[in-house]
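K.L.:
Kindly return the folded structure for what I paste below:
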Amino acid sequence: MTTLPQTTERKLGLVIDLDTCVGCHACVISCKGWNTENYGAPLSDTDAYGGDPSGTFLNRVHSYEVQPEAGAAQLIHFPKSCLHCEDAPCVTVCPTGASYKRVEDGIVLVNETDCIGCGLCAWACPYGAREMDAVEKVMKKCTLCVDRIYNENLPEEDREPACVRTCPAGARHFGDFADPDSNVSKLTAERGGMELMPEQGTKPVNRYLPPRPKDTIETDQIDILAPYLAPVAEEATGFLGWLDKTLEKL
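P.N.:
Okay, the predicted model is just below:
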């Protein structure tokens with residue numbers, strides 16, 4: 001079995017703002033594109049245009065309708081990928097050492113040449129963040145675009161995960177959680193960044209920023225808007241009036 005490092009020099013990870021994410025799936029597509037063309041074995045797609053399509057994705061977006069105790073229901077878009085846990089059970093359960101956590105930055109990776117496709121890491125992951133590639137028969141997962149963030153051949157602004165670079169809403173942030181002055185540490189502190197399923201004891205590095213209530217409005221704002229919300233006329237006239245009466249007879 002693989003052992004975890006006692007400590008890591010850095011804790012690289014993501015902050016995902018659930019208040020800002022619009023569920024456009026741009027992060028999913030950019031992740032698929034980058035990891036199919038670059039790092040490791042290509043991410044497979046089988047019967048992509050047939051009746052039973054299947055594919056391997058390292059990042060997915062789930063959408064949920066949430067009903068708070070008070071107020072209107074909200075649609076929450078929830079992106080999910082590997083959380084690069086400090087106490088990663090997917091690493092310790094690996095029988096070949098293919099899954100490992102890097103000492104220098106805390107990123108959890110899979111050495112595909114050593115992976116035997118047993119699937120134990122997928123069973124151990126409480127977040128469902130690992131996927132078996134149906135074609136390559138090896139386990140695939142988010143790498144935090146390790147081949148981008150250290151690539152000095154890329155412009156500095158591109159040395160971040162593809163999902164972060166492409167997000168049109170600015171909902172994804174990348175940085176070092178070991179640095180209290182980093183952008184991700186500050187966002188987590190200011191907005192109450194949350195761990196996903198902390199009761200599992202895996203100590204995930206990634207954080208989620210909670211969505212803000214969407215149905216609150218101050219009384220003085222209502223007074224300002226009232227004239228614009230009133231109907232233009234009590235009864236439709238002209239062509240619209242004739243159309244309204246005609247439709248009522250049908």
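K.L.:
Quick check: which element contains the residue positioned nearest the centre of the chain?
P.N.:
The centre of the chain sits closest to residue 79, judged by CA atoms, centre = their mean, with a distance of 2.6 Å. Taking DSSP states H and E as the criterion, the element that holds residue 79 is strand 74-80.
K.L.:
Flag every buried residue along that strand.
P.N.:
Buried residues in strand 74-80, counted by 16 or more other CB atoms under 10 Å: 74, 76, 77, 78, 79, 80. Every residue, glycine included, has its C-beta placed from N, CA and C.
K.L.:
related to what we said a few turns ago, residue contacts, the closest residue to the residue nearest to the centre of the chain other than its chain neighbours?
P.N.:
Spatial nearest neighbour of residue 79, chain neighbours left out: residue 61 (4.9 Å); criterion: CB to CB, 6 or more residues apart in numbering. The contact partners of residue 61, taken as CB atoms under 8 Å, 6 or more residues apart in numbering, are 21, 23, 25, 27, 28, 77, 78, 79, 80.
K.L.:
Just the angle for the host helix or strand of residue 61 relative to strand 74-80, thanks.
P.N.:
Following DSSP H and E, one finds residue 61 within strand 60-66. Angle of strand 60-66 versus strand 74-80, following axes from the mean of the first three to the mean of the last three CA atoms, to 10 degrees, is 160 degrees.
K.L.:
Does the residue lying closest to residue 117 once chain neighbours are set aside belong to a helix, a strand or coil?
P.N.:
Distances taken as CB to CB, 6+ apart put residue 137 closest to residue 117, at 4.4 Å, once the chain neighbours are dropped. Classification of residue 137 by DSSP: H, G, I helix; E, B strand; the rest coil places it in coil.
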